[in-house]
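In: Using only what follows, build the 3D model:
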Amino acid sequence: MTDLLFFDTDCISAFLWVNNQSLLPILYPGRIVIPKPVYLELSKPGISHLKRRLDMMLANKEAVLEEIIIGTDVYMTYYQLTEAPTGKHKVIGKGEAASIALAKELGGIVASNNLKDIKSYIIEFGLDHITTGDILVTALQKGLITESQGNIIWYEMLDKRRKIGASSFTEYLSLRERKNT
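Out: Sure thing, here's the model as predicted:
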């Protein structure tokens with residue numbers, strides 16, 4: 001699988017908050033895309049340490065920044081998601097919208113933990129989707145972390161108020177296993 005991963009703010013920041021973003025380029029070399037609206041959300045003064053970590057990833061070419069240009073199909077999708085949703089859809093955040101619009105129009109995978117807001121769009125547009133938990137499972141499967149290390153990372157993320165779907169990595173693994181059987 002060589003699809004690009006379009007990260008929304010919540011998913012990339014889960015790793016940035018715990019200073020564990022180094023896992024991402026090891027798992028997904030040359031595939032990490034940060035939409036410009038996500039970068040802007042991480043540019044707020046109160047979280048400048050997150051932006052510095054992201055800037056380091058960009059400088060080291062571990063991730064690339066992707067603009068959304070007015071007048072393009074990507075922009076039209078982004079505008080629809082953030083300003084003028086159709087049908088029963090609701091307006092979603094700029095980071096989520098940017099990752100969905102880019103994945104839809106350029107082809108790729110949406111990296112987001114915000115299933116409540118994006119699930120209907122993921123289904124409608126037929127997009128692939130991963131979460132922070134899925135990324136940590138991949139790290140476990142590739143031998144980059146142990147389950148114990150996964151639990152430490154998970155607890156640190158929870159301590160930074162990240163909503164990642166379970167009370168521990170072990171619980172996440174169990175829930176995932178039950179879902180897949």
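In: who does the helix or strand hosting Phe6 touch, helix- and strand-wise?
Out: Using DSSP states H and E, Phe6 sits in strand 5-7. Applying 3 or more C-beta pairs under 8 Å, 6 or more residues apart in numbering; DSSP states H and E, we find strand 5-7 packed against strand 32-35, helix 94-106, strand 109-111. All C-beta atoms are positioned from the backbone trio N, CA, C, and that covers glycine.
In: in the helix or strand following the first one, what counts as buried?
Out: Same thing as strand 32-35. Next in sequence after strand 32-35, counting helices and strands by DSSP H and E, comes helix 36-41. Under the neighbour-count criterion of 16 or more other C-beta atoms under 10 Å, helix 36-41 has Pro37, Val38, Tyr39, Glu41 buried.
In: And the third one, how far from Leu136?
Out: It stands for Tyr39. From Tyr39 over to Leu136 the distance is 23 Å, taken as C-beta to C-beta, to the nearest Å.
In: Same question for Ile69.
Out: Ile69 is 34 Å from Leu136, by C-beta to C-beta.
In: related to what we said a few turns ago, so what are the sheet partners of the strand holding Phe6 and their directions?
Out: strand 32-35 (parallel), strand 109-111 (parallel) (DSSP bridges).
In: Looking at those, which is nearest to Ala103?
Out: strand 109-111 (4.8 Å; C-beta to C-beta).
In: now the closest one, how far from the chain's geometric center?
Out: From the chain centre to the centre of strand 109-111 is a distance of 6 Å (C-alpha atoms, centre = their mean, to the nearest Å).
In: Perfect, I'm done here.
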